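>>> Predicted model, plus sequence, below.
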Amino acid sequence: MHLKAIAIKEQLLGVEDYEVGLSIGHLASLYNYHMKKYKKAEQLYLRSIAISEYCLYVCRQDIVLL
């Protein structure tokens, strides 16, 4: 269910949208704490961080320049 929701958000918002990153981070937490799938959780956490960094430095560059 979470994967399907993320896929829909990626289609609607783009793969590097902040909301997509949040959803991926939440899924990573589910893998980590509830399913004990640590390797998959790590991959998802890293993807979530990459999206957040992209949004911080690229999407919000106009704010940084102020």
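Nice, thanks for sending it over. Residues are numbered from 1 along each chain as shown.
>>> chain center to the longest helix anywhere in the chain, what's the gap?
When the chain is parsed with DSSP state H, its longest helix is helix 38-54. Offset of helix 38-54 from its chain centre (CA atoms, centre = their mean, to the nearest Å): 7 Å.
>>> For this protein, just list every one of the helices.
2-13, 18-29, 38-54, 61-65.
>>> residues touching the residue most central in space within the chain, list them.
Nearest to the mean C-alpha position of the chain, by CA atoms, centre = their mean, lies G21 at 1.8 Å. Shown in contact with G21 (CB atoms under 8 Å, 6 or more residues apart in numbering): R47, S48, A50, I51, S52, C55. Bear in mind the C-beta positions are built from the backbone N, C-alpha and C, glycine included.
>>> Deepest-packed of the helices of the chain, please.
helix 18-29 (a mean of 19; mean count of other CB atoms under 10 Å).
>>> Now do the same for the closest residue to S48 other than its chain neighbours: its pLDDT.
In space, S48 comes closest to G25 once its chain neighbours are excluded; the distance is 3.8 Å by CB to CB, 6 or more residues apart in numbering. G25 is assigned 97 on the pLDDT scale.
>>> By mean pLDDT, show me the worst of the helices of the chain.
Among the helices of the chain, helix 61-65 carries the lowest mean pLDDT (a mean of 54).
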